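**Q** pasting the sequence and the predicted model now:
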Amino acid sequence: MVGGWNWEKTPRSRDVDVALLEFEDEARAFLDYCESNSLSPRRFKIIALSPKVQIFLKRMEIQYENTLPYFTNESHARLMLKSERWLRSLSGAFNLGGSTSIPGTCENTFLFYARFYINHFLWVSELISEIFRKNRVSGVYACAPVNDFCTHTPPLIHNSERFIGHIAKVFARDAGVEFVEIPLSPLQACGHSASLGASPLDTFEEFVYTLFRPFWMHALGKRKTILLASTGYNMRGLALGLKSRFPEVAWAEFSSKKPSKCMAEFFLGKALGIAARNEKIGVLDARLPISARRIFRRIPAKYHSLEMAVDNALDDIERSHSSLFTHRGVRFFDLFSEKIRKDLKFFILKLHAESENVEDMLEHLDARLLISPLARERSLMVAELCRKRGIPALMVSHGTLKRPENEIERIEYRHMGETLNLSPFYNYAAMQTPEMERHFQSYKSGNTPIRTGPLILAKTSPGQKEEIRKRILGHVPSGKKILLYPESVRERFSMRFQVFETFDEFVSSLSDLVNATDELGDAHLVVRLHPGRNLSADDMKLLLPESENITISSSKDSFPDILTVTDLLVNFSSTVIEEALQNSVPVLLYDRAGRYVHLPSQELRPGIAPKPSAVYSIRSPAYLEGGLRWIFDNHLDSRVPESIFNKYRFGPEHYANLVEFVSEKVKD
């Protein structure tokens, strides 16, 4: 690892010892170290890199800094462009040739996860370099545990894989300052052995699959079948509406559930005679398991051939790319390569194994159409195999897609589109909103667009508004306006730049909103954390100004219900923006740093004479309270015509296009 960053670019204050803490166990280890060495934690500049550490230190009444001073708008743009350059250099490098029936899925999966690894390493090195640049660092204290890479499903960067201390050690060495490693108990990897061999449980699941496969096949028989790559993201409701129009068609989902689970659901439904009505089974006539690993024991020679092809591709990448992966003087290609070899490689091999099961099923099904809300991993693999058999595939995107306004946005929305409407293996794409259509038209795609109107976006229940508000916000006075801010922050393992907020940016924006609602007096802020966010309501409130005008929504409250009682949705960038507009809920795009505006909007700031709009934007905390007051007085408390939402949505008449499309595909 080679140094080379100019540490003297920015004038810095007194010498400081910096402690870098990313996880709660590291914060505890740091306090133990201080106690053992008779040091006060308050003599350090502590950089708390995650919400869990920040909450822990808050409760201990220990001061810290978050990442905001060290990860700026310029950081977002810089890392987006560098990540894209590296990823383009990898495009086409992971070529498995004829060693697998799903080469497109294998390369797409490789690039999809490689981008997350690259982004994480760039984020770490950018943060640490900025900490050194903006402080006169005399010493660095951090944990640097051994990273024992192992397999995960999916193969994201796991919490047991930590790089802050290792990269900080390089920066400290190059800057000529002391690095002190904080002792940390060995981490439990929480993964699996890097092997595709079968365990006794795998053997049992293989037996179940082999024994009951004829029953699944018989249940579908020679009926015309529509396949679902997933029943998540409201796909079950879409299928239910179509099933009533095509009662002669069978519906089956390719499932990652164990064969024993699928078998139990199947026979329970048949025994009780409620397969089509059972809430868990939904509209499915069968759930087809694809996760059995039997293929490698049946044809081991083919397995070894594929593994050799993967290893050869990785060897070529290491030879040709090892000198490229350097940021701020730190080379981390060895970490990147090790993660791929010990984790991602086995995930790709497992996808190939599962593809053998899918091919076997497709051979015995009269499949007429595949529908999916996303196009990656298993969903992409199924589509690639369907394409080889001439089975059409329809993408019904679960995520927001917008027309890019500049080159940086174009990069991110191309990557997002390639796992949704731009996927080459889904030859049809549902255009649910005008903005999705504008995105689709901004890129060259051979797919056929079908204007359908919203299919799987959230739908509110206006007739139940009072009942729902009483149930989930009964403590809020009825006269107060409800502002909703749903979280759309990416975790450390799936970081994206520029068009998404970091968690610290999200908290900073929320803090502005809390202060503004308190000043306004007639508003209440509801925060909906991402369902995967492991924070309690009390935890989240610790990071925000104390206020009675904020509610952290329970995960038990559905998003459509919360949206039903919302007067104004506030967000940075997310699918929830499109969902609000489909339901006539106005949107405020708030970016306190002035980096990004998700949609064309009516900006609110001094010197502008604004007009009522479906979408507003505010780009500075100085204008937030006044901007909200303008929206309250001139939109929420006024008769604003419903027509202002028309340019953001397609009418219900376009649903007929979907029905006509499905009818054409299932007819004899």
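**A** That came through, no problem.
**Q** can we go C-alpha only for contacts and neighbour counts from here?
**A** Noted.
**Q** can I assume Ala430 sits in a helix?
**A** No. Counting by DSSP: H, G, I helix; E, B strand; the rest coil, one finds Ala430 to be strand, located in no helix.
**Q** next one: it from Met436, what distance?
**A** Ala430 is 9 Å from Met436, where distance means C-alpha to C-alpha, to the nearest Å.
**Q** and Ile456, by the same measure?
**A** From Ile456 to Met436 the distance is 13 Å (C-alpha to C-alpha).
**Q** more neighbours: the two, which one.
**A** Taking neighbours as other C-alpha atoms under 10 Å, Ile456 and Met436 compare with Met436 leading, 25 against 20.
**Q** tell me the phi and psi of that one?
**A** Main-chain dihedrals, Met436, degrees, to the nearest 10: phi -60, psi -40.
**Q** how about the nearest residue to it, chain neighbours excluded?
**A** Leu401 (5.3 Å; C-alpha to C-alpha, 6 or more residues apart in numbering).
**Q** just confirm Val526 contacts Glu548, I think it does.
**A** No. Using C-alpha atoms under 8 Å, Val526 is not in contact with Glu548, being 11.2 Å away.
**Q** in the stretch 101-250 of the chain, which spans are strands?
**A** 136-142, 178-181, 224-228, 250-255 (DSSP state E, counting those that start in this stretch).
**Q** what do you get for the stretch 301-450 of the chain?
**A** Going by DSSP E, counting those that start in this stretch, the stretch 301-450 of the chain shows strands at 326-327, 330-331, 366-372, 393-395, 428-431, 448-451.
**Q** deepest-packed of the ones you listed, please.
**A** strand 393-395 (a mean of 26; mean count of other C-alpha atoms under 10 Å).
**Q** what is that strand packed up against?
**A** Judged by 3 or more C-alpha pairs under 8 Å, 6 or more residues apart in numbering; DSSP states H and E, the packing partners of strand 393-395 are strand 366-372, helix 378-388, strand 428-431.
**Q** how distant is that strand from the center of its chain?
**A** 21 Å (C-alpha atoms, centre = their mean, to the nearest Å).
**Q** please name the strands paired to that strand in the sheet, noting orientation.
**A** strand 366-372 (parallel), strand 428-431 (parallel) (DSSP bridges).
**Q** touching it from outside, list them.
**A** 369-375, 383, 386-387, 420-421, 425-430 (C-alpha atoms under 8 Å, 6 or more residues apart in numbering).
**Q** circling back: so the residue nearest to Met436 sits right up against Ser442, yeah?
**A** No. In this structure Leu401 lies outside contact range of Ser442 using C-alpha under 8 Å: 10.8 Å.
**Q** between these two, point out the one with more neighbours.
**A** Counted by other C-alpha under 10 Å, Leu401 and Ser442 do not tie: Leu401 has more neighbours, with 23 against 16.
**Q** just to revisit the earlier point, more neighbours: which of Val526 and Glu548?
**A** The residue with more neighbours, out of Val526 and Glu548, is Val526; 22 against 12, by other C-alpha under 10 Å.
**Q** the more buried one in helix, strand or coil?
**A** Looking at Val526 with three-state DSSP, the answer is strand.
**Q** go on, the one 5 residues further on?
**A** For Pro531, the secondary-structure state derived from three-state DSSP is coil.
**Q** tell me the average confidence for the biggest helix by length in the chain?
**A** What stands out as the longest helix in the chain, according to DSSP state H, is helix 103-134. The pLDDT scores in helix 103-134 average 96.
**Q** which helices and strands sit right next to that helix?
**A** By 3+ C-alpha pairs under 8 Å, 6+ apart, helix 103-134 packs against helix 73-90, helix 164-175, strand 326-327, helix 345-364, helix 378-388.
**Q** now do the last one against strand 366-372, angle only.
**A** Read that as helix 378-388. 140 degrees (axes from the mean of the first three to the mean of the last three C-alpha atoms, to 10 degrees).
**Q** show me what helix 378-388 is in contact with.
**A** 101-102, 104-105, 229-230, 351, 355, 358-359, 362, 370, 372, 374-375, 392-393, 425-426.
**Q** that one - what's its average pLDDT?
**A** 97.
**Q** and for stretch 515-524?
**A** On average, stretch 515-524 scores 97.
**Q** neighbouring contacts of it?
**A** Contacts of stretch 515-524 with the rest of the structure, by C-alpha under 8 Å, 6+ apart, involve 476, 479-483, 525, 545, 547, 549-551, 624-625, 629.
**Q** ok, now with 6 Å
**A** 480-482, 549-550, 625 (C-alpha atoms under 6 Å, 6 or more residues apart in numbering).
**Q** quick check: buried residues in it?
**A** By neighbour count with 16 or more other C-alpha atoms under 10 Å, stretch 515-524 contains the buried residues 515-518, 522-524.
**Q** Leu268: which of the residues you listed is nearest?
**A** His524 (46.2 Å; C-alpha to C-alpha).
**Q** for this protein, name the helix or strand with the lowest mean pLDDT.
**A** Lowest by mean pLDDT, DSSP states H and E among the helices and strands of the chain is helix 295-298, with a mean of 38.
**Q** and Ile46, which of the helices and strands packed on helix 103-134 is closest to it?
**A** helix 164-175 (13.6 Å).
**Q** what's the angle between the closest one and strand 136-142?
**A** 150 degrees.
**Q** going by neighbour count, list what's buried in helix 164-175.
**A** Within helix 164-175, the residues scored as buried using 16+ other C-alpha under 10 Å are 164-172, 174-175.
**Q** starting at the chain centroid, how far to that helix?
**A** For helix 164-175, the distance to the chain centre is 30 Å (C-alpha atoms, centre = their mean).
**Q** contacts for it, please.
**A** So helix 164-175 is contacted by 3, 142-144, 179 (C-alpha under 6 Å, 6+ apart).
**Q** now, the most widely separated pair of the residues you listed?
**A** Farthest pair in those, by C-alpha to C-alpha: Gly3 and Cys143, 21.1 Å.
**Q** who has more neighbours out of those two?
**A** Remark: of Gly3 and Cys143, Cys143 carries more neighbours, 28 against 17, as counted by other C-alpha under 10 Å.
**Q** from Val585, how far out is the more buried one?
**A** Where Val585 is concerned, Cys143 sits at a distance of 47 Å (C-alpha to C-alpha).
**Q** now do Leu599
**A** Here the distance between Leu599 and Val585 works out to 15 Å (C-alpha to C-alpha).
**Q** try Cys150
**A** 46 Å.
**Q** pLDDT of stretch 555-567, averaged?
**A** 93.
**Q** can you give me the end-to-end distance of it?
**A** 20 Å.
**Q** could you report the neighbour count for Lys45?
**A** Neighbours around Lys45, by other C-alpha under 10 Å: 19.
**Q** kindly report the same for Asn406.
**A** Asn406: 8 neighbours (other C-alpha under 10 Å).
**Q** same thing with Asp315?
**A** Using other C-alpha under 10 Å: Asp315 sits among 12 other residues.
**Q** do the same with Ile644
**A** 15.
**Q** so who does it touch?
**A** Neighbours of Ile644 in contact, by C-alpha under 6 Å, 6+ apart: Ala614.
**Q** now do it against Ala353, distance only.
**A** Counting by C-alpha to C-alpha, the gap from Ile644 to Ala353 is 51 Å.
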